[in-house]
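Participant: sharing a model that was predicted from the sequence below.
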Amino acid sequence: KATQDHTSAVVMDIVKRYDIDGIHFDDYFYPYASYNKGEEFPDAANYAAYQREGGKLSRDDWRRDNVNQFVERIYKEIKAEKPQVKFGISPFGIYRPGHPRSITGMDQYSELYADARLWLNEG
């Protein structure tokens, strides 16, 4: 939440102070495995706190939900301030291997916790 709050404050400062056409995120999701020398991303304490508070999502779904909430929050905050400002994201090029069948490679949905199809379908 603190990271989301900080990022939101920076984005909204830009939106409010400058005459811009849009905000675009390039890398925004959980880091690639190589970021942490192949080790698991260090969010176990946050996930445990979520579970203690009654959270029922699996860790992977919880991570995706964190990203989804963040993406939706930034979108709504920008639109509330300046509806004409566009918000875009560059997701990893492969949604999921096998979608369509001929696609192979890294799975952004399960490795970066980015559900770009959901964002596209929800506008």
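Facilitator: Nice, I can see it.
Participant: when you work out contacts or count neighbours from here on, use the C-alpha atoms and nothing else.
Facilitator: OK.
Participant: list the helices and strands the lengthiest helix in the chain packs on?
Facilitator: Secondary structure of the chain per DSSP state H: the longest helix is helix 59-81. Under the contact criterion of 3 or more C-alpha pairs under 8 Å, 6 or more residues apart in numbering; DSSP states H and E, helix 59-81 touches helix 2-17.
Participant: quick one: buried residues of the helix it packs on?
Facilitator: 4, 8, 11, 12, 15 (16 or more other C-alpha atoms under 10 Å).
Participant: list the buried residues in the helix or strand just after that helix.
Facilitator: Downstream of helix 2-17, the next assigned helix or strand under DSSP states H and E is strand 22-25. With burial defined by 16+ other C-alpha under 10 Å, the residues of strand 22-25 counted as buried are residue 23.
Participant: which residues does strand 22-25 contact?
Facilitator: Contacts of strand 22-25 with the rest of the structure, by C-alpha atoms under 8 Å, 6 or more residues apart in numbering, involve 11, 85, 86, 87, 88, 89, 90.
Participant: partner strands of it, parallel or antiparallel?
Facilitator: With DSSP bridges as the test, strand 22-25 is paired with strand 86-89 (parallel).
Participant: start and end of stretch 108-123, how far apart?
Facilitator: 19 Å (C-alpha to C-alpha, to the nearest Å).
Participant: distance from it to the middle of the chain?
Facilitator: A distance of 8 Å separates the centroid of the chain from that of stretch 108-123, by C-alpha atoms, centre = their mean, to the nearest Å.
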